[in-house]
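Visitor: Give the three-dimensional model of this entry:
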Amino acid sequence: MEIGVGWISNAGHATQTKALHWFSSMLAGIFMCRIVYGLTGVISASFVKEYGKLNSKQKLEWNNRGFSTFHAIVAASISLYLLLASGLFDDSQDELMINKSSILSDTILGVSIGYFLSDLAMIFYYYPALGGTEYVIHHGLSMYSIIQSLLSGQAHIYILMVLFTEITTPFVNLRWYLDVAGLKNSKLYVYNGVALFLGWLVARVILFVFFFYHMFTYFDQVKQVYPMGFYSLLIVPPAMAIMNLFWFWKIARGMIKTLGKARHSQ
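Guide: Numbering: from 1, shown residues only. Okay, here's the model as predicted:
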C-alpha cells in the first residue's frame, strides 16, 4: 500500500504491515489510558484520603491526570532512550538521519496518538472542565505531526524530541493534585513548583533552542522531507515553542508567588 496525496509522498513507506502495526499501537495507547484511568481511581480511593472529599468533576480530572502522567513517563523515557542510547540516530553513511525510524519509534508514536485521542475525547465531552482551547490546539498539532511522521517514516528524531517534552507533565499534574488536596501551603508544593520551573526551562525552552539549532545544522537533510512535512517542520515547532514560552511565563509567575508566600510564612 502506497499513500500519495498532494504534497504527501511516502515512497512506499506505509505498507499494509506497518499500517497494522500503527493501528495496533494506537489501540494499545487507548487501552492503556482506559486501564490507568480506572486504576488511578481505585488506588486513590484506597490510599489517598483527600480523594474521597473531591466532587465528581474533581475526581474525573484526578483520574484523567493519572493516565496523562503515565503516558508522559513512558513516552519521555522511550524517547530519551531512542535519542541518546539506542544508536538509532548515530551518523551513518547507509541512511540519512532524517529517514531513520525503528519498530520501537513507530510503536511509541502510535501509542501517543492513542493517548492524545483519548485525552481529546474527554476534553471535548466534558469541555471546558478538562482544558480549554490551548489544550485542543496542542493535542491537534501533536497528532498532526506524529501522523505525518509515521506515514512518511521521516523526521522521527524531531518528533521524539518534542515527545520528550512530556517529561514536564508529571510536575504539572502533581501541582494540581496538591492544590485540590488542600496542600498548597506544603513544602512539597514549593519544591514541585521549583522542579516544574527548572524542568520546563530545560525540556520546553532550552531543548527547543537545540531543536532549531539541530534543524539548521542538518537543513540539507531537512529539505529532503516530503513537501507538506518540510513546511510543517518550519511552522508547527515554532508555534509549539511560542505556547511553551507563554506557559513558562505563567509558571515563572506562579513560582515567584509561591516562593514569596513561603518566605512570609516562615
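
Visitor: Need the pLDDT of W7.
Guide: W7 carries a pLDDT score of 50 in this model.

Visitor: need the longest helix for this structure.
Guide: helix 227-265 (DSSP state H).

Visitor: Pull out the buried positions in that one.
Guide: Under the neighbour-count criterion of 16 or more other CB atoms under 10 Å, helix 227-265 has 229-230, 232-233, 236-237, 240-241, 244, 247-248, 251, 255, 258 buried. The way it works is simple: take the backbone N, C-alpha and C, and place the C-beta from them, glycine included.

Visitor: Now do the buried residues in stretch 68-81.
Guide: By neighbour count with 16+ other CB under 10 Å, stretch 68-81 contains the buried residues 68-72, 74-76, 78-80.

Visitor: just the helices in the stretch 101-250 of the chain please.
Guide: 103-125, 133-152, 156-164, 169-180, 187-200, 207-217, 219-222, 227-265 (DSSP state H, counting those that start in this stretch).

Visitor: What count of nearby residues applies to I206?
Guide: If you count neighbours by other CB atoms under 10 Å, I206 ends up with 11.

Visitor: Now do it, the pLDDT please.
Guide: I206 carries a pLDDT value of 97.

Visitor: ok, now how distant is it from A28?
Guide: 32 Å (CB to CB, to the nearest Å).

Visitor: ok, now H138?
Guide: Relative to A28, H138 is positioned 22 Å away (CB to CB).

Visitor: Neighbour count: those two, which is higher?
Guide: H138 (19 against 14).

Visitor: residues contacting that one?
Guide: Contacts for H138 (CB atoms under 8 Å, 6 or more residues apart in numbering) come out as 240, 243.

Visitor: With adjacent residues omitted, what lies nearest to S102?
Guide: L88 (5.5 Å; CB to CB, 6 or more residues apart in numbering).

Visitor: For the strand or helix carrying N63, enumerate the helices and strands it packs against.
Guide: In this assignment (DSSP states H and E), N63 forms part of helix 56-80. Applying 3 or more CB pairs under 8 Å, 6 or more residues apart in numbering; DSSP states H and E, one finds that helix 56-80 makes contact with helix 16-47, helix 103-125, helix 156-164, helix 169-180.
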